[in-house]
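>>> 3D, please:
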Amino acid sequence: MWAARELSTLAILIVAARGAFLLRFEFVVPDEWIAVVTPAVLALALVQYGLLAVGSVHRRSWRFTGVTDAVAVLRALGLSALVVAGLKVLPLPLPGVLRLDGLVATPWSVVLLSHLLA
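So this is what the prediction gives:
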């Protein structure tokens, strides 16, 4: 049950990031951007997922969702937007970790759309 919930959350974040790229390029991604899409989608989704996990959003009972739950989700996604923006502005070399080339090259509109769609 736990694995299915976590995988479905990650899948939703990946679909949101992929959808952001499609919306940004009006559903026709140019050839020069094809190599950037996959690493950027994975990086966006992993940052969002990590901060949602840190904010314990997955532990909330969504059957009885209220304003406090919505604030927790918005806080986690807002913080992940700031982290992604920081990684775009200050690309740090991280040896042996996910390459950030795709994330740095990602248009700002994709970062914003990804967080709005998630």
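>>> from here on, contacts and neighbour counts on C-alpha atoms
Fine.
>>> how far away is the most far-flung residue of the chain relative to its centre from Leu52?
The outermost residue of the chain relative to its centre, with distances by C-alpha atoms, centre = their mean, is Phe64 at 25.1 Å. Per C-alpha to C-alpha, to the nearest Å, Phe64 is found 19 Å from Leu52.
>>> the helices in this structure, which residues?
Taking DSSP state H to define them, one finds helices in the chain at 2-24, 31-54, 67-89, 101-105, 108-117.
>>> any chance of those in CSV, with mean pLDDT too?
CSV is the format used below for the helices of the chain (pLDDT from 0 to 100):
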stretch, mean pLDDT
helix 2-24, 89
helix 31-54, 84
helix 67-89, 82
helix 101-105, 61
helix 108-117, 85
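>>> what would the ones you listed look like in JSON lines with mean neighbour count?
Compiled in JSON lines, the helices of the chain are given as follows (neighbours: other C-alpha atoms under 10 Å):
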{"stretch": "helix 2-24", "mean neighbour count": "17"}
{"stretch": "helix 31-54", "mean neighbour count": "18"}
{"stretch": "helix 67-89", "mean neighbour count": "16"}
{"stretch": "helix 101-105", "mean neighbour count": "18"}
{"stretch": "helix 108-117", "mean neighbour count": "18"}
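>>> tell me the contacts of Gly78?
Residues near Gly78 by C-alpha atoms under 8 Å, 6 or more residues apart in numbering: His115.
>>> and what of Arg18?
37, 41, 114.
>>> Please identify which of the residues you listed is nearest to Arg75.
Of all the contacts of Arg18, Arg75 sits closest to Ser114, with 15.0 Å by C-alpha to C-alpha.
>>> Relative to Ile14, how far out is the closest one?
Ser114 is 9 Å from Ile14, by C-alpha to C-alpha.
>>> doesn't Ala45 make contact with Ile14?
Yes: at 5.4 Å, Ile14 counts as touching Ala45 under the criterion of C-alpha atoms under 8 Å.
>>> quick revisit: overlap of the contact sets of Ser114 and Ile14?
Shared contacts of Ser114 and Ile14, defined by C-alpha under 8 Å, 6+ apart, comprise Leu44.
>>> any common contacting residues for Ile14 and Ala45?
Contacts common to Ile14 and Ala45, judged by C-alpha under 8 Å, 6+ apart, are absent.
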